[in-house]
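Engineer: Next come a sequence and a model predicted from it.
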Amino acid sequence: MNGLESIEIGTGEAVVFWVLGPIALAGALGMVLSRNAVHSALWLVNTMLALGVFYVVQEAPFLGAVQIIVYTGAIMILFLFVLMLVGRDSSDSVVETLRGQRVAAIVLGLGFAGLVGAGVARATQDLPVTGLAGVQGLEISNIEAIAGVLFTRYLLAFEVTSALLITAAVGAMVLAHIEREPGTRSTQKERSRARFLTDRPQTLPGPGVYARGNSVAAPALLPDGRLAEDSFATGIEPQEAEQMPRPTGRAELGSPDAALGSLEPTVSDVPGGREGGDHR
Amino acid sequence: METVPADGLIAASWLLIALPLAGAAVLLLGGRRTDRWGHLLGTGTVVAAFVLGLLCTLQLDGRQVEVGLYTFVATGSLDVPVGLLFDPLSAVFVLLITGVGALIHVYSIGYMAHDPRRRRFFAYLNLFVAAMLLLVLGDNYVALYVGWEGVGLASYLLIAFWHERPAAATAAKKAFIMNRVGDVGLALAIFLMFAQLGTVSYDGVFGSVGTLAAGTVTAIGLLLLLGACGKSGQFPLQAWLPDAMEGPTPVSALIHAATMVTAGVYLIARSAPIYDETPTARAVVLAVGAITLLIGAIAGCAQDDIKKVLAYSTVSQIGYMFLAVGLGPIGYVAGLAHLLTHGFFKAGLFLGAGSVMHAMNDQVDMRRFGGLAPHMKVTFVTFGLGYLALIGFPFLSGFYTKDAIIEAAFDRGDGWGYLLGGVAILAAGLTAFYMTRLMLMTFFGRPRWEPGVHPHESPPVMTAPMVLLAVGSVFAGFLLVVAFPLEEWLAPVFGEPVEAEHVVAPIVVSVLVTAVMVIGVLTAWLFVGRREVPAAAPVRVSPVTRAARRALYADAVNESLLMRPGQWLARALVFVDNRGVDGAVNGLAASLGGSSSRLGRTQTGFVRSYALSMLGGAVVVAGALLAVTAG
Amino acid sequence: MSLTHYLVLAAILFTIGAVGVLVRRNAIVVFMCIELMLNSANLTLVTFARASGTLDGQIMAFFVMVVAAAEVVVGLAIIMSLFRTRRSASVDDANLLKY
């Protein structure tokens, strides 16, 4: 910052840094600390967006855009997609199974952050900032400048990258694809026959039948108000669903006359249970 | 040594080796397809080699001909060009090997006629002839060594030819191992020559041996002698030769009587320039020869196995040859002459013994023979002529050559000369005794045959070689000593013959030797011929007889001095190996295994633990970087 | 206010991500933590690009994003198949690779 060619960092950038820096840190910490993997992913999206803004601020608008589109847009969606496929399981338990792992990780992490941070700070405190005005600016946009370098000096690496991507795509297909022998797939006739040989020939109850919500996680309710266990979705913890109070005895069921006689709707009349009453 | 390059037929003398070698290769690689004509091919190659050798010898004309072949070993400072040296000395040996070899091949056709592995036998015999020819024809010590090991291999294979007999297998192993002891000596001698002189060719070594220190020359001489003792069955490595008689009889005749066992004599005669420089080693040669000569003769007196008697006789006769070559220039020719005549009559004797065994269903115990003379007339006559030649009956082969050796011993002129001469004369008497005993027990007296034995004369293919060898036994001595003196033939190698100053007149020596021989024969007749020979060996005998039966305890000495300590050493080494070496290794492995299994506990399988250690490493690296840059 | 602030922020974010990898057991969350670490590294790259006045840092950040996209696709596919076989997305359950 003391060189002739060094440029001054403006106040606006400082404001952006001090606002978004803590947000990025909070996102990172939240990702590590939150129990739910979906929450972790969302925290990470937070951090990545902040980083994307940093790129834009640091004269790399192309990378900032790519960061937001590719990372937060594509990659994180892929993460969430796999999370939905895999579902949540007991690995999210907070109990640490490896003795001393957590303590050691934190101690080492603090040591690493301290050493690297101190080293970087020491080494770069007088680092002159050249700025990218020399290679890009009004005449040449950032994208044009990057293209100029990418397709000349880094052309080979760029082309090799295509091979890498193809390989990755093929590898993912090979890994995720389930090979099924042709002819092993049962026909509709066989499946139908098999179903009728079980205790339950009819279809399973769909989720949300008689339920208050229509989420996949909401199990179906039986006519008497119990949860229909057949309707639990696999891989997802069933939502807390309140059971309908089960009417017992003539007094509670009431006689038709009593029902007719009273214009006040009772709790049991309204599908959805007690909350229905609250709406009233 | 003045050598001239090869010309004429001699340039093709490598064929001498190549022919039998090719025969062996064809027979061994050809498999059963060659079964029908294999023996003929094997005999043919040796006969061809004999004809070629004879023609080469006729062209030789006293020269020493160098036949360069190729370079066997070519390294920075060691070049071993392989060449052949065809000189009068090699020529003599070539004729002996191929001549006697060809006769024995012919004999084997009959002897091995009923053996299912006859082809293999001929292949091994051919291999032996090739190796032996390489041994005598090589122009350097390495070529000699190759041939030396080759004949050792062939000897091993042939002794164990009937390897289904445990005795034959054991005898082959014994021969092989005892030969190894000698071969190590020969190898060390060659190493020493190369280290000191930088060459192993005869020319180079003999040319510069005079520049060496006396101790080095003596060491080379003694090591060469060790090699010669191993191969020739001389004291203290004589115990394998009698056991080697487990092989087929033609093998005993060719390898363990006529040719291979005389390789030691050849080695010492060939190395004459080395021994000329070292009287010490020469004295040791003398001592070895004298001791062996007595041991063989004494042990031969008490054996009942016909082939063992002949084997001890061989040991004893080679002792004569060692004695002769140990005497120096005055003895070389006498020793070699005895070697040649011995090749004839001992091969003939072995073939005769084989013929007897053939007739007696492979019985070798002389106590089960007797009275065979009328049944096997040809065998009896030829065997008898060989016997007379061996004991030195006047004007037969042995008479000329053995007398020459004894004369040479006396010609030393000092007290040792008298002692050696006396020993040699005594042994001549013993020779007469045990050979007469053999003759009497085998061909005379009352038959003591096993039931069901019907002795018969062998077929002509076997008797013809015996007749030829018997003729050789009769005339070889006269031819070599009187008619065409070997001395003159070998003059290019050993120098012109000098007329020795006889200390004892030759006629006196001859009379003395003949008298002792007659005493030996009469003693044998008194002990054996006059009395009935018991079918089983008597148990209550004098300690001398007992010692002689056990070959003066040579095996016992070997056993207690070498085998037992060897076993103890091996056991101790096994103990050290099991407890010490293995213990250390196993302990190390166990401790490593234990510690690694403990370390392995840190590999919990939890990815997060591994990640934690990675972060720890990152912290350390960051700290170190900071410390370096800040400090 | 200087670029150092960005760098220190990136270091802290990186550390939080690393600690998250160590303490969380849900494989998907662990993956998110790794993404956070990659993002903090990107922030560093962009900051240094600005400091040095060249675009190489931005290009590098761009490549990091591409690689991260490929990595996420493959990684999530692995988690899927892991979940399919083990009915669990916990990284502690896949612990066969041990002594």
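Structural biologist: Looks like it came in fine. Numbering: from 1, shown residues only, chains lettered A, B, ... in the order given.
Engineer: which residue packs closest to the residue of the stretch 151-280 of chain A found nearest chain B, ignoring adjacent ones?
Structural biologist: Nearest to chain B, among the residues of the stretch 151-280 of chain A, is residue A:175, at 18.1 Å (CB to the nearest CB). The C-beta positions use only the backbone N, C-alpha and C, and glycine is treated the same way. Excluding the flanking residues, the one nearest residue A:175 by CB to CB, 6 or more residues apart in numbering or on different chains is residue C:77, at 3.8 Å.
Engineer: Quick check: which element contains that neighbour?
Structural biologist: Using DSSP states H and E, residue C:77 maps to helix C:56-86.
Engineer: and that helix, average pLDDT?
Structural biologist: In this model, helix C:56-86 has an average pLDDT of 90.
Engineer: By proximity to chain A, which residue of chain B wins?
Structural biologist: For chain B, CB to the nearest CB, closest residue to chain A: residue B:622, 4.3 Å.
Engineer: quick one on the thing from earlier: tell me what the helix holding residue C:77 is packed against?
Structural biologist: For helix C:56-86, the packing partners by 3 or more CB pairs under 8 Å, 6 or more residues apart in numbering or on different chains; DSSP states H and E come out as helix A:61-66, helix A:76-86, helix A:142-150, helix A:155-176, helix C:27-52.
Engineer: Single out the most deeply packed of those.
Structural biologist: helix C:27-52 (a mean of 24; mean count of other CB atoms under 10 Å in any protein chain shown).
Engineer: OK, contacts around the closest residue to residue C:78 other than its chain neighbours?
Structural biologist: Counting by CB to CB, 6+ apart, residue C:78 lies nearest to residue A:175, which is 5.9 Å off, once chain neighbours are set aside. Going by CB atoms under 8 Å, 6 or more residues apart in numbering or on different chains, residue A:175 touches C:74, C:77, C:78, C:80, C:81.
Engineer: re the thing from before, pretty sure the residue nearest to residue A:175 contacts residue A:172?
Structural biologist: Yes - Residue C:77 is within contact range of residue A:172, at 4.0 Å (criterion: CB atoms under 8 Å).
Engineer: From residue C:42, how far out is the residue of chain A found nearest chain B?
Structural biologist: Chain A approaches chain B most closely through residue A:115 (4.3 Å), counting by CB to the nearest CB. Per CB to CB, to the nearest Å, residue A:115 is found 21 Å from residue C:42.
Engineer: Could you do residue B:125 as well?
Structural biologist: Computed as CB to CB, the residue B:125 to residue C:42 distance reads 90 Å.
Engineer: helix, strand or coil for the nearest residue to residue A:229 once chain neighbours are set aside?
Structural biologist: Of all residues not flanking residue A:229 in the chain, residue A:219 sits nearest, at 7.6 Å (CB to CB, 6+ apart). Of the three states, residue A:219 takes coil under DSSP: H, G, I helix; E, B strand; the rest coil.
Engineer: Residue A:219 - how many residues pack around it?
Structural biologist: 24 (other CB atoms under 10 Å in any protein chain shown).
Engineer: shouldn't it be in contact with residue A:204?
Structural biologist: No - using CB under 8 Å, residue A:219 is not in contact with residue A:204, being 11.2 Å away.
Engineer: Now do the shared contacts for those two.
Structural biologist: Common neighbours of residue A:219 and residue A:204, using CB under 8 Å, 6+ apart, are residue A:231.
Engineer: got the contact list for residue B:387?
Structural biologist: By CB under 8 Å, 6+ apart, the neighbours of residue B:387 are B:349, B:435, B:436, B:438, B:439.
Engineer: Need the nearest residue in space to the residue of chain C found nearest chain A, chain neighbours excluded.
Structural biologist: Using CB to the nearest CB, the closest approach of chain C to chain A is made by residue C:53 at 3.0 Å. Distances taken as CB to CB, 6+ apart place residue A:130 nearest to residue C:53, at 3.0 Å, with adjacent residues excluded.
Engineer: do the same with residue C:66
Structural biologist: Distance criterion CB to CB, 6+ apart; nearest residue to residue C:66, sequence neighbours excluded, is residue A:161 at 5.2 Å.
Engineer: and the one you found, what pLDDT?
Structural biologist: What the model reports for residue A:161 is a pLDDT of 93.
Engineer: for the nearest residue to residue A:167 once chain neighbours are set aside, what are its contacts?
Structural biologist: If the residues on either side of it in the chain are set aside, residue A:167 comes closest to residue C:70, at 7.6 Å by CB to CB, 6+ apart. Contact analysis of residue C:70 by CB under 8 Å, 6+ apart lists A:164, A:165, A:167, A:168.
Engineer: The same query, at a cut-off of 7 Å, please.
Structural biologist: A:164, A:165, A:168 (CB atoms under 7 Å, 6 or more residues apart in numbering or on different chains).
Engineer: and of the residues you listed, the nearest to residue B:294?
Structural biologist: Closest approach between those and residue B:294, by CB to CB: residue A:164, at 95.1 Å.
Engineer: Which residues are in contact with that closest one?
Structural biologist: Residues in contact with residue A:164 (CB under 7 Å, 6+ apart) are C:67, C:70.
Engineer: now it: how far from residue A:47?
Structural biologist: 26 Å.
Engineer: secondary structure element for residue A:199?
Structural biologist: Going by DSSP H and E, residue A:199 is not in any helix or strand.
Engineer: thinking again about what came up before, can you check what pLDDT the model gives the residue nearest to residue C:78?
Structural biologist: pLDDT, read off for residue A:175, is 86.
Engineer: same check, this time on residue A:265
Structural biologist: 49.
Engineer: swap in residue A:43?
Structural biologist: So residue A:43 comes in at 93 (pLDDT).
Engineer: Kindly report the same for residue C:93.
Structural biologist: pLDDT at residue C:93 comes out at 78.
Engineer: Surely it is in a strand?
Structural biologist: No - per three-state DSSP, residue C:93 lies outside any strand segment and is coil.
Engineer: Excluding chain neighbours, what is closest to it?
Structural biologist: residue C:86 (5.7 Å).
Engineer: Chain B versus that neighbour, what's the distance?
Structural biologist: 14 Å (CB to the nearest CB, to the nearest Å).
Engineer: ok, that residue touching residue C:96?
Structural biologist: No - assessed by CB atoms under 7 Å, residue C:86 is found out of contact with residue C:96, at 10.5 Å.
Engineer: The two: which has the busier surroundings?
Structural biologist: residue C:86 (11 against 6).
Engineer: If you average pLDDT over each of the helices and strands packed on helix C:56-86, which is lowest?
Structural biologist: When I compare these, helix A:76-86 is least confident, with a mean of 87.
Engineer: now that helix, how far from the centre of its chain.
Structural biologist: Helix A:76-86 has its C-alpha centroid displaced from the chain centroid by 7 Å (CA atoms, centre = their mean, to the nearest Å).
Engineer: Packing partners of that helix?
Structural biologist: Under the contact criterion of 3 or more CB pairs under 7 Å, 6 or more residues apart in numbering or on different chains; DSSP states H and E, helix A:76-86 touches helix A:37-57, helix C:27-52, helix C:56-86.
Engineer: Next, the angle helix A:155-176 makes with the longest one.
Structural biologist: With axes from the mean of the first three to the mean of the last three CA atoms, to 10 degrees defining the directions, helix C:56-86 sits at 10 degrees from helix A:155-176.
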